[in-house]
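>>> Need a 3D model of the sequence below.
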Amino acid sequence: MPELTVIVHGPNTQDRLTGLLASLAAHPHPDVEVIVAAVGAWAQETARAYAPEMLVLPLPDGTDDAAARSAGAARASGRWLHFVHSKDGLPAGAPRMVAERAAELPDEVDVLLFDHVRSTWDTTGLPAEDGPRLARAGRAAHPLDDIARSALRVTPLLGNRALRTPFWQAHERRLTTPDEPFAAYAALLLADRVAALNQVAYEHHEVRPESLPPVTPEDHYALVDRYETLLTLTENRTVAPLPTAAPLPTANSALRPARVCATHSVLYDVMVHDCLRTFARTPMPDPVAREFFRRAAAAAVRHRPAGHRRPAGPEGIRRALLEENAYTRYRAFQAANRARRAAKSAVRTRRRQIEAALGDHHYRTALSRPVDPNLAVFAAYWNRGVACNPAAIAAKLTELAPQIHPVWVVTPENAPLLPPHTDHVLPGTRRYREVLATAKYLVNNVNYPNAIVKRPDAIHLQTHHGTPLKRMGVDQMEFPAAAKGLDFQALLARIDKWDYSVSANSHSTRMWERAYPARFVSLDYGYPRNDVYYTATAADIRAVRDRLGIPPTHRTILYAPTHRDYEAGWTPRLDLAGLADRLGEDTVLLVRGHYFYDGTASPLSGPLTALRRAGRIIDVSAYDPVEDLALAADALVTDYSSIMFDYANLDRPIVIHADDWETYRSTRGVYFDLMAEPPGQVARTQRELTEILTTEAWHDEGATKARAAFRRRFCEYDDGRAAERVVRRVFLGESEEALPPVTPLEERTPAPSPRETA
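Numbers count the residues shown, from 1 in each chain. Prediction:
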């Protein structure tokens, strides 16, 4: 019996089915069965090209989605069902990922929710807003009542959830409807337990509206009818819980009716919000709009939970007007709000224009002054503070050229975190414009704003902040999820200002020249931030571990995943509590979230609190510098983060956890196949990762050989003297021949390991 049956159903709309089936055929999995309920001749011809690997069920033209889903489910042999519409898509490897997650779940779980990306006729791979909601659910299984606020706000698609086969069979009559959002909601309301997977496993394609049949008044009214039926379903559960395929234990069942009220309340809020948004954003003739409003008002009154309180502010006013069926007053309220917003926007725009004009005038005036040969401006990570390669260069500059004064650009919220006596400026201030206009040297690991002028006698030094595995610069153009919001013409204008580009290895040098086609000089000197991996002493490492509270004899593993463009939020892609339990009390996990998620709440709460208090899991997401964490760790676990290239300098074990490699590669784009050239062992599941870390595999002979090859390729120029070479060449003007040569890899001695310093 396969773990998962993927049921592709529907006609070959705009030839979308061809790409979907090709993707499935390219990534077969023994635990995944594919059934194609092909509607119409074109879909059947397309599907037959993939038989017998896929079971093809020919269905006549006009068969609706509900009937096609049922036909496919009737032939399924998998423990779980995933309904995929023929116009939609599946990221490479997604069925495997869903099957593996489903295999972990107990039988009382009926629905598995997962994340998705959105595509339209002219865009692909846009992140949905469901990531944070799924993250809040974690990896445990829950009754819907416990996670209703998150689960009922996940986009209502059948494609972003898998259903346990016996559950589908028990409730097929209720779930067989052409109204897909109704079926998606109803599946949750009927489920005994719900689990989540905060990973992208579906691509929802929104066809161009102009290619669809015209919307009728009944189509608008159907939205209200849908929620009325669903709310009636929750009200029935409150009185008498519906039978399920796997009943809850008696103790929990006794609590269920009282707690269903929470589910009803959340669904009621979802209904009112959706109806008001549809009313505000959907063009309707006035008679249709009045009738839609009347029906929504009646539903809002009829199903309002006892004791339900409206939100404060404008939203509360909208809801009150809806419940009163005050159509004319609601329209007046809308018009007044639009006028108020327009007036405020005009005032803000005018104020920004005046401030920008004054600032521009001040900056232009400062540009008329001579360049200061002893002034250097530094910035890192969009003005986050003293960090990365710019920090290492600034430190060496103070040592070798103390006459050059460094000034850091830092945001107001990060200014209090600066080291004592750090001279700095805040973006947009008068002095900020003055130093950027007159500094001889401008150093950054990203880019300065577009408006910064490249003066002929100023030097722009681009240090970068990692060795590229993922596509960068103009190479992102063919990957819309990665390139969302990027203005490539503006990017090219920024890179044309670079005089120098720092590189850690030949791979980076070549990729920077490809991704950033400009006239800069490549400085093949190594990354200055990596110097510490050759200069740190045993005392330095003991001091870092002491600051973190790590016992001297404990093994320490740094878990540092990267950002994913197709996810809206971050949660560890591992069951950290389970992993910590398997690794034992003498192993400490350092968990480092990507800096893109600085503003989000830590996911290391709830069941992990006890492990954090015991010191077995330490949240180091806010700890700087990250180089300290690498020095303190006996091994690194990462996915596709560039930290792997830096950590390899230490010649310590690296384990790659690549549970969504195919999705990452296809949506973000990569420069080489990490699975074929890893720095150590590779795990595709948590089970494999646990096996590697609880045996000798994490540092066995195979892992050592892989790491040696990886170091030869990617640690080419890092030897502990990169910052010195940069300062001597760029700031002191020394020739290439006068610089310290790069020490051969076999002659370098990395910092001692924690075991050696204990």
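>>> rest of the way, CA atoms for contacts and neighbours
Fine.
>>> Distance of the residue nearest to M271 when sequence neighbours are not counted relative to N325?
Excluding the flanking residues, the one nearest M271 by C-alpha to C-alpha, 6 or more residues apart in numbering is Y227, at 6.1 Å. Separation of Y227 from N325 (C-alpha to C-alpha, to the nearest Å): 18 Å.
>>> if you count what's nearby, which of the two comes out ahead?
Shown here are Y227 and N325; by other C-alpha atoms under 10 Å, Y227 has more neighbours (24 against 20).
>>> hang on, isn't the more buried one packed against H273?
No - contact criterion C-alpha atoms under 8 Å: Y227 and H273 do not qualify, at 11.4 Å.
>>> distance of the residue nearest to M271 from R331?
For Y227, the distance to R331 - C-alpha to C-alpha - is 23 Å.
>>> same deal with T429?
43 Å.
>>> These two: which has the busier surroundings?
Neighbour comparison, T429 and R331: the larger count goes to R331, with 13 against 10 (by other C-alpha under 10 Å).
>>> For that one, report the pLDDT, please.
Note on R331: pLDDT of 95.
>>> oh, and call the first residue 35 from now on, that's how I've got it
Got it, first residue is 35 now, which makes that one R365.
>>> so what does the helix or strand it falls within touch, helix or strand wise?
Assigned by DSSP states H and E, R365 belongs to helix 361-401. Counting contacts by 3 or more C-alpha pairs under 8 Å, 6 or more residues apart in numbering; DSSP states H and E, helix 361-401 packs against helix 320-336, helix 347-357, helix 464-472.
>>> and with 6 Å instead?
Judged by 3 or more C-alpha pairs under 6 Å, 6 or more residues apart in numbering; DSSP states H and E, the packing partners of helix 361-401 are helix 464-472.
>>> Quick one: list the elements packing against the helix it packs on.
Short answer (3+ C-alpha pairs under 6 Å, 6+ apart): helix 464-472 packs on helix 361-401.
>>> any idea which helix or strand comes after the helix it packs on?
With DSSP H and E, the next secondary element past helix 361-401 is strand 406-413.
>>> Residues contacting that next one, please?
438-443, 472-478 (C-alpha atoms under 6 Å, 6 or more residues apart in numbering).
>>> That strand pairs with which strands, and in what direction?
Counting by DSSP bridges, the strands paired with strand 406-413 are strand 439-443 (parallel), strand 473-478 (parallel).
>>> Mind checking the pLDDT average for the lengthiest strand in the chain?
When the chain is scanned for its longest strand (criterion: DSSP state E), the result is strand 228-239. Taken as a whole, strand 228-239 carries a mean pLDDT of 92.
>>> Run the chain-centre distance for it.
Distance of strand 228-239 from the chain centroid (C-alpha atoms, centre = their mean, to the nearest Å) equals 12 Å.
>>> Give the other helices and strands that it contacts.
Going by 3+ C-alpha pairs under 6 Å, 6+ apart, strand 228-239 lies up against strand 145-153, helix 165-171.
>>> how about a cut-off of 10 Å?
strand 114-119, helix 128-137, strand 145-153, strand 160-161, helix 165-171, helix 178-185, strand 195-198, helix 695-702 (3 or more C-alpha pairs under 10 Å, 6 or more residues apart in numbering; DSSP states H and E).
>>> what about the stretch 635-784 of the chain, any weak spots by pLDDT?
635-648 (pLDDT under 70).
>>> what about the helices in it?
Taking DSSP state H, counting those that start in this stretch as the test, the helices found in the stretch 635-784 of the chain are 643-647, 660-666, 677-681, 695-702, 720-727, 735-748, 756-760.
>>> Minimum distance to Y550: which of those has it?
Set against Y550 and scored by C-alpha to C-alpha, those come closest in helix 695-702, at 17.2 Å.
>>> What lies in contact with that closest one?
61, 124-128, 158-160, 233-235, 503-506, 510, 512-517, 598-600, 673-674, 692, 703-709, 718 (C-alpha atoms under 10 Å, 6 or more residues apart in numbering).
>>> So how do I select the buried members of these in ChimeraX?
The buried residues among the contacts of helix 695-702 can be selected in ChimeraX (16 or more other C-alpha atoms under 10 Å) with this line:
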select :124,125,126,127,128,158,159,160,233,234,235,503,504,505,506,510,513,514,515,516,517,598,599,600,673,674,692,703,704,708,718
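>>> returning to that earlier point: so what sits against both of Y261 and H307?
When contacts are counted by C-alpha under 10 Å, 6+ apart, Y261 and H307 are jointly contacted by L301.
>>> can you redo the helices of the stretch 635-784 of the chain as a markdown table with distance to P317 and mean neighbour count?
Compiled in a markdown table, those are given as follows (distance: least, C-alpha to C-alpha, whole Å; neighbours: other C-alpha atoms under 10 Å):
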| stretch | distance to P317 | mean neighbour count |
| --- | --- | --- |
| helix 643-647 | 50 | 15 |
| helix 660-666 | 52 | 22 |
| helix 677-681 | 50 | 23 |
| helix 695-702 | 34 | 19 |
| helix 720-727 | 49 | 17 |
| helix 735-748 | 56 | 18 |
| helix 756-760 | 60 | 26 |
